[in-house]
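S.K.: Return atomic coordinates for the entry below.
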Amino acid sequence: MKKKKDILFLCQYFYPEYVSSATLPFDTAVALSKAGFTVGALSGYPQEYNLIGKVPMQENYENIEIRRLKYLQLKRSNLIGRLINYFSFTFSVAIRFRELRKYKAIIVYSNPPVLPLLAALADKIYNTKLVFVSYDIYPEMAHITNVISEDSIISKMMRIVNKSIYKHVNKVVALSNEMKDYLLKHRLTLSEHQVEVIPNWYEDKGVTNTSISYENKLFQSIKNEENLIISYFGNMGICQDLDTIVEAIRYYKNDSKVQFIFAGHGNKMDLLKNIVGKEQLNNVSIFNFLHGQDYQDALNISDCFIVSLANGLTGLAVPSKTYSYMMAGKPVIAIMGEDSDIARDLTSNIAGYAMQVGESEKLVIAIRELRDDKDKCEFMGENCRGIFLEKYTKEHCTQQYVDMMQRILEEK
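M.R.: This is a model prediction of the structure:
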């Protein structure tokens with residue numbers, strides 16, 4: 001057998017897809033390749049999140065050997081569709097299982113939840129080192145959001161997968177300290193040294209003259225010098241809290257100086273559209289998923305941003321959109337557990353606000369302060385960008401992966 005290559009990325013989404021679950025692994029792979037590792041990727045064939053069109057089944061891009069697999073890709077708006085996608089992609093990987101033996105280490109992600117089982121099997125059969133990146137913690141996340149019951153077959157299967165993963169894993173990457181704490185408390189086979197905190201990130205596009213962003217046809221009717229634009233971008237689904245935000249929207253519905261922008265997807269985005277239409281909330285503009293220059297322009301015209309997690313999910317997930325908000329140098333309002341890294345970053349650095357789910361009065365007050373005190377808004381925004389530059393740039397976070405993989409591959 002030929003000499004083993006260093007690292008394989010095993011993930012459903014990868015380059016050229018534009019969602020964070022594709023761009024983050026790709027950024028990591030590029031950093032590892034530039035650091036001198038031989039890197040490959042085994043991923044799904046791009047479809048829903050691809051702007052390029054037809055892409056090759058195999059290619060070498062940025063010194064990464066990418067192999068793409070065809071699989072069933074149904075609509076992700078319902079559980080059955082997502083499950084079929086998950087198992088279809090996992091099956092496609094399974095029938096090419098021998099590819100995994102060519103690598104010394106595998107980096108696998110928590111989505112789809114069944115996929116890491118194959119990486120654990122590769123460790124058992126081929127003695128392949130295993131790094132598990134925990135974007136979300138299952139099955140607890142599915143229990144809390146009522147997607148599945150605790151005694152369901154799917155839940156039992158996830159627990160079996162977890163038991164196998166944590167038995168074979170060399171490192172688990174947690175996205176935050178509260179996620180690490182949760183893993184150590186609820187995955188008793190893990191030890192402190194096995195869990196490494198590496199947050200997600202965003203590429204630093206700098207803070208530039210944003211006047212040209214106001215010329216984007218999407219936003220010309222929204223922004224003026226008197227408006228406070230509060231934006232929410234990305235997924236608005238079962239894992240996000242919408243109710244707290246809607247109460248604030250209703251409070252400010254007759255205030256022409258307060259406008260809300262939403263852009264993204266998810267079942268709660270459809271719910272929001274229905275509420276806005278039924279109640280004639282004219283202070284709300286809703287767009288589809290934004291990417292590229294449209295997303296950059298949306299960041300530029302916004303004055304502050306909201307991130308949220310549904311009740312009980314702090315420690316089980318981390319909203320990665322936060323880092324693009326921080327990059328833009330605007331205050332962030334976090335509706336999530338106050339013991340989260342994001343909440344602590346914002347409050348300890350006077351860079352925004354943190355509140356619990358349901359505390360709509362606090363959200364109303366925060367918006368009023370930012371509307372009435374533009375100097376405070378600017379000050380908080382500068383502090384937010386300072387946090388980003390210190391902790392959440394692509395270069396800073398991917399270097400942590402490089403350092404970790406160097407240690408892992410040096411171990412005997």
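
S.K.: which SS class is residue 3?
M.R.: Assigned by DSSP: H, G, I helix; E, B strand; the rest coil, the conformation of residue 3 is coil.

S.K.: before we move on, what about the one 5 residues further on?
M.R.: Reducing the assignment to helix, strand or coil with three-state DSSP, the entry for residue 8 is strand.

S.K.: which residues pair with it across the strands?
M.R.: residue 40, residue 106 (DSSP bridges).

S.K.: Hmm, residue 100 and it touching each other?
M.R.: Yes. Proximity of residue 8 to residue 100 meets the contact threshold set by C-beta atoms under 8 Å, at 6.6 Å. Backbone N, C-alpha and C define where each C-beta goes, glycine included.

S.K.: These two: which is more packed in?
M.R.: Taking other C-beta atoms under 10 Å, residue 8 and residue 100 do not tie; residue 8 has more neighbours (28 against 21).

S.K.: Please tell me how far that one sits from residue 14.
M.R.: 11 Å (C-beta to C-beta, to the nearest Å).

S.K.: Need the overlap of contacts for those two.
M.R.: Among the neighbours of residue 8, those also in contact with residue 14 (C-beta atoms under 8 Å, 6 or more residues apart in numbering) are residue 41.

S.K.: Give me the neighbour count for the residue lying closest to residue 380 once chain neighbours are set aside.
M.R.: Distances taken as C-beta to C-beta, 6 or more residues apart in numbering put residue 331 closest to residue 380, at 3.9 Å, once the chain neighbours are dropped. Residue 331 has 28 neighbours, counted by other C-beta under 10 Å.

S.K.: List phi and psi for residue 71.
M.R.: phi -160, psi 170 (degrees, to the nearest 10).

S.K.: follow-up on the earlier one: any shared contact partners between residue 8 and residue 100?
M.R.: 42, 106.

S.K.: What residue spans form the domains of this structure?
M.R.: Structural domains annotated on the chain: 5-201+394-410, 211-391, as defined by automatic domain parsing.

S.K.: I'd like the distance from the shortest one to the chain centre, please.
M.R.: For domain 211-391, the gap between its own C-alpha mean and the chain's C-alpha mean amounts to 16 Å (C-alpha atoms, centre = their mean, to the nearest Å).

S.K.: What's the end-to-end length of it?
M.R.: One end of domain 211-391 sits 28 Å from the other (C-alpha to C-alpha, to the nearest Å).

S.K.: mean confidence score for that domain?
M.R.: Across domain 211-391, pLDDT averages out at 93.

S.K.: Could you do the longest one as well?
M.R.: Taken as a whole, domain 5-201+394-410 has an average pLDDT of 91.

S.K.: for it, how far is the first residue from the last?
M.R.: By C-alpha to C-alpha, the extent of domain 5-201+394-410 from end to end equals 14 Å.

S.K.: Ok, stretch 202-222 next?
M.R.: Terminal residues of stretch 202-222 are spaced 26 Å apart (C-alpha to C-alpha).
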